[in-house]
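# Provided below are the primary sequence and the corresponding predicted coordinates.
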Amino acid sequence: MGEAATTTLTVAKLKALCILNDLSASGKKSELLERLLEAGVDKETLGVEVFDDKTATFHSTLDEDSESVGDEEAVMFSLEDEDTLTPTRSDDEPEMEAADLSDDDSDDDILEAEILDADLVEIDEDESQSEEPLAEPAASPGVSSVRSDSPATLIEMLQKPQVAAVLLTVIILGAGGWYYINNQLEPFTADSLRYGDEMRYAVLDGSFMATEEFVELITDRIETEDDICKIRMMFEGSGEAKITDGQASELSSQGSLDRLGAVRAKGGQGMDWLAVESTNNMDFTGPGKFEIFRHVRSSIPGSDACSGTSLGGDGNGMLTVTRWTELREEVNLATQLDFSASLDGEYQGTAMSYGIGGLLGSLDLLSPGLGLILQPVELSSFFGNEYITKDAIGTSSGWEWRVIGTEKIGSTNMWKVTATQQDVRDLCLGYATMNLWLDGVSPWAVKQSVDVAISSSESNQASCSGWQQRGVDAVLPEGELELHHTFERTYLQRGVKALELGRSYDNRPQANELNPDDDELVAWGVDGLHMPDNSTHRPHPLDTAVVCVSELGSVASGANSALNNDGYIWRAIDEPNGTATEWNISWVATDDTAGWLLYSVEGTADALECEYIAKGTFDDSITHNRESIPEVLSLDAVESRLMSQQRFPSLSGTEALFTTSGSLHEETRMGYLVVVPGSGFGIDITELFDSVNGASTVDVQRKWDSGGWTNQFSLVADASDGRVVGWTHLKSV
């Protein structure tokens, strides 16, 4: 004959036992009981009554209708006397209340903290099969009468490990212990960024100070005629870091949507790649949010000291940095800066750099990882798969980091990390440090404080070796720079799909598409006078204009002597002037004597009109070194690449360098520069490196006025392969 079972435990208690035994806690009471029995939990713990089929109907009805069980009396605990925590029987209530046996849906959602009630009883398995009422036991003084074989007392129940565990859990939950447990910070590895991730943050306690050549970090993006020698800024505001969630339209070149989330982006060669796009926007608008003060050079004759008096005051500023990281190689394709500022005038601008480079100018070249100070650190790229736990250490992008422990931010525990910039320290430039607070949830630092002080002073470099000092002098600007600020998270929203870096994709540009063919390159350094031009877009290319040097005669004697005796032109730039073209050429002789010559060219190649304008010599040593002049594309080949609207659509238009019809604007000028070891540094860099090849660049510039704005567009490209290094478009009123 089959057997059925029921229990005196409530749904809440059965769920608690399911959790303790790693079982699912969903379902009705009968399902929970069956699950626990199948898992091997003993019937005594479950308060199970076993009965045969004759009584199954009766108990089934009892479960469904929540009716009392015959004349059985409920067992209750009396808590009035702490010395007599023994079960008592109520004369008025049945032994098992209907609520205990019902499948109340409210129990499915909340685990009640009230566990010390009369339901915690044990029913003897043999007795539970009887439908007869329990015999009345003899009473004891001061205690309600109980049977000699009555269910376990509360103390006996507490001695059972399973019950004690349930009680302890419920007590902890009821007493707010969950807060304690939840704030015991666990070690973690940084979560990968996801398409659609977004974090908003506050920018606090910002200050910036720059002197001498470091001032150019600001003035290069703001047109001014003042001889500024020092700039101070105080700023605070809000920011937003975001990973773009690219749509299907970005994958028109792909055979599937597997790389959904990525975007198309242009590289320095003008080819299309798939990339992860990240943006960081900072807003410093509002009273007292952005203050800038500038100091100009002393007006005292013979003095070049920086004035202690400052000009400036309140202003507004907005800054957006967009970066594109190539999907497969995970390299920086491009970085774009868009800014606007309102000071004593209105300023707007866009600056684009491809590959290395960023907002810190030559400091980015000296230590590319230094740019991390300018926005919240992305943890996955900074820490990789390193385990974030106390005393963990590592290096990343030139930074040495260490987890020093935990610290509360508000009411939440965070891991605190300190990081020091190695290059700044090792080259004796000063210091650059960051403190990061991490919570294991945000893919960016929850809080980030930055302290940077860099100086070219000799006192900073006293402990550096001689070769280090020469290397620093070659790249580091003169002056000082300080930057201090704090980023603190105010909002976080996670995306869904994780970034898929390191993955290939369809129609990825190949090397033969990027680099010019060998027959396109010219080795003019062997015996040539200048970089080949051959342009058909300009009326007086350099190949034609160089003829004028000899025709100018004695007024150009230095240039003639150098070019007639194995010298060459290492810098040249043209500037249209009506129907004429003015060429400014810089030459160097074999004995390293160098100078410049400015003259005008008009007419055709068969009937040139040459006019001398000015000349001069260079005080700094310029090195003559033909062997280090690299092979290059001709000026017209670079020019044609830059005019291609398929490669570089941003360079053509009314507010760009070229017209949409494939010609130069009348204000656009072209030039080139050759740098060989020793040139432009004041030292021979072959002392620092065993082998150094020269470099050659092409620069294009345009200045014009439009709509009340003064515009300046400047571009630099690598002449050896036509790759654009970067460009800027600045506007001012």
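Structure's in. What do you need?
# going by C-alpha atoms from here, please, whenever you check contacts or count neighbours.
Fine.
# could you list the low-confidence segments of the stretch 351-500 of the chain?
Counting by pLDDT under 70, the stretch 351-500 of the chain shows low-confidence ranges at 356-368, 458-475.
# can you show me the helices along it?
362-366, 379-383, 422-426, 466-475 (DSSP state H, counting those that start in this stretch).
# could you report the separation of the nearest residue to H537 once chain neighbours are set aside from A545?
Nearest non-adjacent residue to H537, counting by CA to CA, 6 or more residues apart in numbering: S663, 6.3 Å away. From S663 across to A545, the span is 20 Å (CA to CA, to the nearest Å).
# who's more crowded, those two?
A545 (22 against 17; other CA atoms under 10 Å).
# now that one. Its backbone dihedrals?
In terms of degrees, to the nearest 10, the main-chain angles of A545 are phi -70, psi -30.
# isn't it right next to V601, touching?
Yes. Contact criterion CA atoms under 8 Å: A545 and V601 qualify, at 6.4 Å.
# any common contacting residues for those two?
W583 (CA atoms under 8 Å, 6 or more residues apart in numbering).
# longest strand of the protein?
Taking DSSP state E as the criterion, the chain has its longest strand at strand 306-326.
# give the pairing partners of it; include direction for each.
strand 272-283 (antiparallel), strand 290-297 (antiparallel), strand 332-342 (antiparallel) (DSSP bridges).
# E482: which of those is closest?
Comparing the strands paired with strand 306-326 against E482 with CA to CA, the closest turns out to be strand 290-297 (14.2 Å).
# hmm, who's touching the closest one?
By CA under 8 Å, 6+ apart, strand 290-297 touches 226-236, 284, 304-317, 343.
# which among those end up buried?
Buried members of the contacts of strand 290-297, counted by 16 or more other CA atoms under 10 Å: 228-236, 284, 306-307, 314-317, 343.
# before we move on, the earlier item: gap between the residue nearest to H537 and S535?
From S663 to S535 the distance is 11 Å (CA to CA).
# hey, what's the residue nearest to E488 when sequence neighbours are not counted bridged with?
The shortest distance from E488 to any non-neighbouring residue, by CA to CA, 6+ apart, is to K447 (4.4 Å). Per DSSP bridges, the residues bridged to K447 are W437, E488.
# tell me how many other residues crowd K447.
Residues near K447, counting by other CA under 10 Å: 22.
# kindly provide the distance from it to G394.
In terms of CA to CA, K447 sits 20 Å off from G394.
# my guess is S238 contacts M282. True?
Yes. S238 is within contact range of M282, at 5.8 Å (criterion: CA under 8 Å).
# tell me how many other residues surround N693.
Residues near N693, counting by other CA under 10 Å: 12.
# make that S411, sorry
S411: 8 neighbours (other CA under 10 Å).
# need the contact list for M414.
Contacts of M414 by CA under 8 Å, 6+ apart are 185, 406-408, 437-439.
# my guess is S550 meets N560, correct?
Yes. S550 is in contact with N560 according to CA under 8 Å; the separation is 6.1 Å.
# more neighbours, these two?
Each of S550 and N560 has its neighbours counted (other CA under 10 Å); N560 has more, 19 against 16.
# what kind of secondary structure is the more buried one in?
In terms of secondary structure, N560 is helix; the call rests on DSSP: H, G, I helix; E, B strand; the rest coil.
# roughly how far does it sit from H624?
N560 is 16 Å from H624, by CA to CA.
# which residues touch T668?
575-576, 657-658, 700-703.
# now do 7 Å
657, 700-702 (CA atoms under 7 Å, 6 or more residues apart in numbering).
# still on that earlier bit, among the contacts of M414, which ones are buried?
406, 437-439.
# ok, those vs A25, which is closest?
D439 (30.0 Å).
# still on that earlier bit, which of the buried ones among the contacts of M414 lies closest to V331?
L438 (25.2 Å).
# surely that closest one is in contact with A445?
Yes. Between L438 and A445 there is a contact under CA atoms under 7 Å: 5.4 Å.
# excluding chain neighbours, what is closest to G317?
Nearest non-adjacent residue to G317 (CA to CA, 6+ apart): A341, at 4.3 Å.
# pLDDT wise, what is that neighbour at?
Per-residue confidence (pLDDT) for A341: 88.
# do the same with the one 4 residues further on
The pLDDT attached to G345 in the predicted structure is 80.
# and the residue nearest to it when sequence neighbours are not counted, what does it touch?
Leaving aside its sequence neighbours, G345 sits nearest to V733 (CA to CA, 6+ apart; 6.0 Å). V733 sits next to 345-347, 708-710 when contact means CA under 7 Å, 6+ apart.
# let's go with 10 Å and repeat that
223, 342, 344-348, 705, 707-711 (CA atoms under 10 Å, 6 or more residues apart in numbering).
# now restrict the residues you listed to buried residues only.
223, 342, 347-348, 711.
# and the two most separated of these?
Taking CA to CA, no two of those sit farther apart than S342 and N711, at 16.4 Å.
# overlap in contacts of S663 and S535?
With CA under 10 Å, 6+ apart, S663 and S535 have common neighbours 639-640.
# ok so, going back, for L438 and A445, list the residues in contact with both.
With CA under 10 Å, 6+ apart as the test, L438 and A445 both reach 379, 416-417.
# phi, psi of S663?
The phi/psi pair for S663 (degrees, to the nearest 10) is phi -140, psi 170.
# right, and it touches D636 too?
No. Counting by CA atoms under 10 Å, D636 is not a contact partner of S663; they are 11.8 Å apart.
# now do the shared contacts for these two.
Counting by CA under 10 Å, 6+ apart, the residues touching both S663 and D636 are 536-538.
# out of those, which comes closest to N332?
H537 (33.2 Å).
# list the contacts of that closest one.
Going by CA under 10 Å, 6+ apart, the list of residues near H537 reads 636, 639-640, 662-664.
# any idea of the pLDDT on it?
93.
# return the distance of the helix or strand G349 falls within from the chain's centre.
Element membership of G349 [criterion: DSSP states H and E] is strand 346-354. On the basis of CA atoms, centre = their mean, to the nearest Å, strand 346-354 is displaced by 20 Å from the centre of the chain it belongs to.
# partner strands of that strand, with direction?
strand 332-342 (antiparallel), strand 724-732 (antiparallel).
# which of those strands sits closest to A607?
With CA to CA as the yardstick, what comes closest out of these is strand 724-732 (35.9 Å).
# pLDDT averaged over that closest one - what is it?
92.
# measure the nearest residue to T7 once chain neighbours are set aside to T350 for me?
In space, and not counting its chain neighbours, T7 is closest to V48: 4.3 Å by CA to CA, 6+ apart. From V48 over to T350 the distance is 76 Å, taken as CA to CA.
# so these two - more neighbours on which side?
V48 (22 against 18).
# touching, that one and A5? I think so.
Yes. With contact defined as CA under 10 Å, V48 reaches A5; the gap is 6.3 Å.
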